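Asker: Sequence plus predicted model, see below.
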Amino acid sequence: MNISASTFITVSNMISISRMMMAPIMYAFITGTFPRSWVYSLALMAYLSDLLDGYIARKRNEITEWGKILDPLADKIFVGLTCIALLSIGQLSIWYIALVIGRDVLIVVAGSFFAKRADFVLPSTFIGKATVFWIGLVLLGAFFQLNQNLVTMLYVISSCLILFSLFHYGKRMYISIRNT
């Protein structure tokens, strides 16, 4: 697995790291007395940075093992801190946070074992990206206290995607290990 310093410092990886650094700012925006528009703006910046880092990595041929680690890790840190912030102000349920963070912990732990065994990192897939997108919609819906029926629908769709993406990730790992 090529995880060297030269593959760490790329434009796309720096964008992923910037998203990680946005996470504590988002926590402060949500739990503080900042305008809601700041939360929305930072969430949009984080989402666009997630799209941009992948695009740049492909466009500049900078797809690295580091990038396969940093991009999803940045998503997990950003989403996790946002969930905790929303819980702390009473706008997100504990069961949903347990589902989101539990999925992320399982993926990080299993992915670490897999990377050591298979000598490569499984890249993100459309299903994983779609799941993070729907989780983001739940977080925005909860923060902006949208219609409860809409938020419930977002919870259901997101929860189904969380479980499906976890199954999909496990299946991909199993097939990859079986084929090595």
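Answerer: Right, received. Where do you want to start? Numbers count the residues shown, from 1 in each chain.

Asker: Every contact and neighbour count from this point should use C-alpha atoms.
Answerer: Will do.

Asker: what about the longest helix in this protein?
Answerer: helix 148-178 (DSSP state H).

Asker: now stretch 60-78: mean pLDDT?
Answerer: Averaged across stretch 60-78, pLDDT comes to 88.

Asker: Quick check: buried residues in that stretch?
Answerer: The neighbour-count check on stretch 60-78 (16 or more other C-alpha atoms under 10 Å) flags 62-78 as buried.

Asker: now swap in stretch 21-40 and tell me
Answerer: Residues 22, 23, 24, 25, 26, 27, 28, 29, 30, 31, 39, 40 are the ones in stretch 21-40 that count as buried (16+ other C-alpha under 10 Å).

Asker: who's in contact with the closest residue to the second one other than its chain neighbours?
Answerer: It stands for residue 23. Spatial nearest neighbour of residue 23, excluding adjacent residues (C-alpha to C-alpha, 6 or more residues apart in numbering): residue 78 at 4.5 Å. Neighbour list for residue 78: 19, 20, 22, 23, 24, 26 [criterion: C-alpha atoms under 8 Å, 6 or more residues apart in numbering].

Asker: Now do the SS call for residue 78.
Answerer: When classified by DSSP: H, G, I helix; E, B strand; the rest coil, residue 78 comes out as helix.

Asker: cool, residue 86 as well?
Answerer: Under three-state DSSP, residue 86 falls in the helix class.

Asker: Can you list phi and psi of residue 146 for me?
Answerer: Residue 146 adopts backbone torsions of phi -70, psi 170, taken as degrees, to the nearest 10.

Asker: and what of residue 125?
Answerer: Residue 125 has phi and psi values of phi -120, psi 170 when expressed as degrees, to the nearest 10.

Asker: swap in residue 10?
Answerer: Main-chain torsions, residue 10, degrees, to the nearest 10: phi -130, psi 160.

Asker: I figured it was touching residue 61, is that so?
Answerer: No: using C-alpha atoms under 8 Å, residue 10 is not in contact with residue 61, being 10.2 Å away.

Asker: which non-adjacent residue is nearest residue 161?
Answerer: Computed as C-alpha to C-alpha, 6+ apart, the closest residue to residue 161 that is not its neighbour in sequence is residue 131, at 5.5 Å.

Asker: what's the helix or strand containing the one you found packed up against?
Answerer: Using DSSP states H and E, residue 131 sits in helix 126-143. On a contact count with 3 or more C-alpha pairs under 8 Å, 6 or more residues apart in numbering; DSSP states H and E, helix 126-143 meets helix 65-88, helix 148-178.

Asker: Pull out the buried positions in that helix.
Answerer: 127-129, 131-132, 134-143.

Asker: do the same with stretch 85-101
Answerer: So for stretch 85-101, counting by 16+ other C-alpha under 10 Å, buried means 85, 86, 87, 91, 92, 96, 97, 100, 101.
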